[in-house]
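Visitor: What would the 3D arrangement of this be:
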Amino acid sequence: MMHLNMTDSTKAALDDMRRTERPTHLFGSDPAACDSWLKKQTEELVIAAGISSAHMDTYREFIKHMGRLYRSKTGYDLAFNIELSLRRWCDWGLDAGVLQQLVCRIHQAQYGDGGGPR
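Guide: Next up is the predicted model:
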């Protein structure tokens, strides 16, 4: 697995997850509601990143994968799995900067004022 230079905001988001065991708004939520909420939170960023339409679905799959993690994990386990997923998906050729922006956007929406489905 390649080395991933994480941005300061990604490091801060992962550190915040590690420090707390509180579940996110997505924890235990319905998969369809979770996917819909995540799409609403991230679609603008994916489009603005200038990703070709041929690769757009791959980034959407990454977002769905993040949803599975947020629905089933908290705290250190969540942060560990997100970091591992970032490295794995970057190894598969996705842009590390875009993936980290997506993680930060989801984190901010979860712990900020974005709320989540329930």
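Visitor: Find the residue at the geometric middle of this structure.
Guide: Averaging the C-alpha coordinates of the chain gives a centre point, and the residue nearest to it by Cα atoms, centre = their mean is V103 (3.4 Å).
Visitor: gap between that residue and M66?
Guide: Taking Cβ to Cβ, to the nearest Å as the measure, V103 falls 7 Å from M66. Just so you know, the C-beta spots here come from the backbone N, C-alpha and C atoms, and that holds for glycine as well.
Visitor: now do T42
Guide: From T42 across to M66, the span is 9 Å (Cβ to Cβ).
Visitor: Pull up the overlap in contacts between the two.
Guide: When contacts are counted by Cβ atoms under 8 Å, 6 or more residues apart in numbering, the set common to T42 and M66 consists of L102, I106.
Visitor: Tell me which of these two has more neighbours.
Guide: Relative neighbour count places M66 above the other of T42 and M66, with 25 against 21, counting by other Cβ atoms under 10 Å.
Visitor: Please name the nearest non-neighbouring residue to the more buried one.
Guide: I106 (5.8 Å; Cβ to Cβ, 6 or more residues apart in numbering).
Visitor: I figured K73 was touching S85, is that so?
Guide: No. With contact taken as Cβ atoms under 8 Å, K73 and S85 are classed as non-touching, separated by 11.0 Å.
Visitor: ok, back up a step: any chance you could list residues touching both of V103 and M66?
Guide: Common neighbours of V103 and M66 (criterion: Cβ under 8 Å, 6+ apart): I82.
Visitor: residue ranges for the helices of the protein, please.
Guide: With DSSP state H as the definition, the chain shows helices at residue ranges 8-19, 31-48, 53-72, 75-91, 96-111.
Visitor: So for the second one, what gets flagged as buried?
Guide: When you say that, I think you mean helix 31-48. The neighbour-count check on helix 31-48 (16 or more other Cβ atoms under 10 Å) flags C34, D35, W37, L38, Q41, T42, L45, V46 as buried.
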